[in-house]
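1. generate a structure from the sequence data that follows.
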Amino acid sequence: MQVRTCRLSPSARLPTVSQPGDVAADLHAAEAVIIPARGRCLVPTGLAMELPPGYRASIRSRSGLSLKHGIEAGAGLIDNQYRDAIGVLLYNHSDVDYPIAAGDRIAQICIERYEEPGFIEVDELSSSSRTAGWGSSGV
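-> Prediction:
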């Protein structure tokens with residue numbers, strides 16, 4: 001599958017796949033930013049994409065940034081029709097400011113097939129053995 005991608009900034013880098021068979025590609029920061037301690041920052045990638053029909057993209061945290069520095073991605077779902085600049089919302093859960101340099105790998109993008117759901121109202125749902133929620137299966 002080919003994803004049409006535009007560089008909106010001269011410093012933008014196309015997403016990169018580290019290993020053959022990886023399900024996600026790394027997104028890179030297009031400019032230097034500082035994510036404040038216990039804060040958040042929208043980091044520009046300098047990219048726009050045209051996803052093929054029937055596909056969406058999700059932005060995921062990089063495991064190393066999460067584990068080593070407390071940096072996690074949030075609110076990252078890109079609809080098929082979206083064509084504007086892609087930014088990555090990064091949260092800093094640590095007590096120190098975290099610098100991001102232009103070109104740093106900041107998140108992963110996963111292109112996923114989807115089906116548009118149709119919702120129908122019913123009076124009751126079929127039974128299920130799964131009746132509890134909110135942590136009922138343990139931690």
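
2. what separates the first and last residues of stretch 70-86, distance-wise?
-> When the termini of stretch 70-86 are compared using C-alpha to C-alpha, to the nearest Å, they are 22 Å apart.

3. report the distance from that stretch to the chain centre.
-> Stretch 70-86 sits 5 Å away from the centroid of its parent chain (C-alpha atoms, centre = their mean, to the nearest Å).

4. which positions in it come out as buried?
-> For stretch 70-86, the neighbour count (16 or more other C-beta atoms under 10 Å) marks 70-73, 76, 78, 85-86 as buried. Where C-beta positions appear, they are placed from N, C-alpha and C, glycine not excepted.

5. pLDDT averaged over that stretch - what is it?
-> Stretch 70-86 shows a mean pLDDT of 96.

6. what does it rub up against?
-> Identification of contacts with stretch 70-86 by C-beta atoms under 8 Å, 6 or more residues apart in numbering yields 8, 27, 35, 40, 44-62, 65-66, 88-94, 98, 106-107, 109.

7. what residues are bridge-paired with the residue positioned nearest the centre of the chain?
-> Note on the chain: the residue nearest the mean C-alpha position is residue 59, at 0.9 Å, using C-alpha atoms, centre = their mean. Bridge pairing for residue 59 (DSSP bridges) gives the partners residue 109.

8. can you tell me the strand partners of the longest strand anywhere in the chain and which way each runs?
-> For the chain, the longest strand by residue count, based on DSSP state E, is strand 40-50. Applying DSSP bridges, strand 40-50 is found paired with strand 4-7 (antiparallel), strand 86-92 (antiparallel).
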